[in-house]
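Asks: sequence and predicted structure below; questions after.
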Amino acid sequence: DSGVTQTPKHLITATGQRVTLRCSPRSGDLSVYWYQQSLDQGLQFLIQYYNGEERAKGNILERFSAQQFPDLHSELNLSSLELGDSALYFCASSVVDRGPTGELFFGEGSRLTVL
Amino acid sequence: GENVEQHPSTLSVQEGDSAVIKCTYSDSASNYFPWYKQELGKGPQLIIDIRSNVGEKKDQRIAVTLNKTAKHFSLHITETQPEDSAVYFCAASSTGANNLFFGTGTRLTVIP
C-alpha cells in the first residue's frame, strides 16, 4: 500500500460528459502529480501541484483541469469527454517540490472508460 | 523535452534466467534514472534508481547500469522468479525538473 488513495477505481461514462477523479496523497507529501496511461503507452505526465499551487504542466488537454485543495487532496476534472480519453489515470505524490529526483508514490489508478 | 525509449516491449524468460531491459534518453541534463514495477491492478512502484554520478547500482537480484556518454541505462534481473512478472518502466529526470519522463514499459513474463 503506497498510502496514495484514488477514487473512483472504475468509471464508465459517455462522450461529452464530465468526470472528476480524486486523489489523496500520502500523509506529509505536499506534491501531487497526475499521469495518464493509455493502452500500450507509457505514463504521460499531465500536471503537478505543490502545496496548492500549480508547479508544472505536461501534455494536459485544455478540456482537462486540476486543483489541489488546502487539505492537499487533488482533483482532476475531465470534460467534453472523447473516446480517446479512455485510459488509466494515476495520481502520485512526493515530499519534494522541485525535481522528482526522489521516489514518487503512485495510487492504484482510476480507470476511465468513455463509451 | 526529454524522450525516453525502452526495449523490448515484451520479454519472456524461464524461471531462474536473467532478464535485461534497456532504455535510452535524449536530454544530456538528465541525472536521475529510476525504474518502476507495475503489477497487475496496481500503481507503479519504485524498485531501484541510479544517479548520474554512479555507473552501477545493485540491490539483491536487481541491478541498474548507466552509460552517460551513450545516454543509455539498463535494468538487470538475475535468478528471475514468477513474482517478477510485471510491467517495468524506466524513467529519466533532471534536477529542477518537475516531471519524470517514462519509457513505454516492458511486460516481463517469467515462465515457471
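Replies: That came in fine, so what should we check first? Predicted, not measured: the structure shown is a model, and the values here were computed from it. Numbering: from 1, shown residues only, chains lettered A, B, ... in the order given.
Asks: does A:Ala14 touch A:Thr113 like I think?
Replies: No - applying Cβ atoms under 8 Å, one finds A:Ala14 not in contact with A:Thr113, separated by 10.0 Å. Yep, even glycine has a C-beta here, placed from its N, CA and C like the rest.
Asks: what about those two, which has more around it?
Replies: Taking neighbours as other Cβ atoms under 10 Å in any protein chain shown, A:Ala14 and A:Thr113 compare with A:Thr113 leading, 13 against 9.
Asks: sheet partners, orientation included, of the helix or strand encompassing the more buried one?
Replies: Under the criterion of DSSP states H and E, A:Thr113 resides in strand A:110-114. Sheet partners assigned to strand A:110-114 using DSSP bridges are listed as strand A:10-13 (parallel), strand A:87-94 (antiparallel).
Asks: do you know how far the most centrally placed residue in chain A is from A:Phe90?
Replies: With distances taken as Cα atoms, centre = their mean, A:Trp34 lies nearest the centre of chain A, 3.0 Å away. According to Cβ to Cβ, to the nearest Å, A:Trp34 and A:Phe90 sit 7 Å apart.
Asks: and B:Lys71, by the same measure?
Replies: Note on B:Lys71: its distance to A:Phe90, by Cβ to Cβ, is 26 Å.
Asks: among the two, which residue is more densely surrounded?
Replies: Legend: neighbour count by other Cβ under 10 Å for B:Lys71 and A:Phe90, higher for A:Phe90 (26 against 16).
Asks: okay, and the beta partners of residue 5?
Replies: No chain in the question, so chain A it is. On the basis of DSSP bridges, A:Thr5 is bridged to A:Ser24.
Asks: my question was about chain B, not that one.
Replies: Taking DSSP bridges as the rule, B:Glu5 bridges to B:Thr24.
Asks: counting neighbours, what do you get for it?
Replies: Neighbour number of B:Glu5 under other Cβ under 10 Å is 14.
Asks: shouldn't it be in contact with B:Thr24?
Replies: Yes - in this structure, B:Glu5 is within contact of B:Thr24 by Cβ under 8 Å, at 5.0 Å.
Asks: so the worst-scoring helix or strand of chain B on mean pLDDT, near chain A or not?
Replies: One helix or strand of chain B scores below all others by mean pLDDT, DSSP states H and E: strand B:101-102, with a mean of 90. Yes - Strand B:101-102 is in contact with chain A by Cβ under 8 Å from any Cβ of the partner chain, via B:Phe101, B:Phe102.
Asks: same thing with stretch B:28-43?
Replies: Yes - counting by Cβ under 8 Å from any Cβ, chain A is contacted by stretch B:28-43 at B:Asn31, B:Tyr32, B:Pro34, B:Tyr36, B:Gly41, B:Lys42, B:Gly43.
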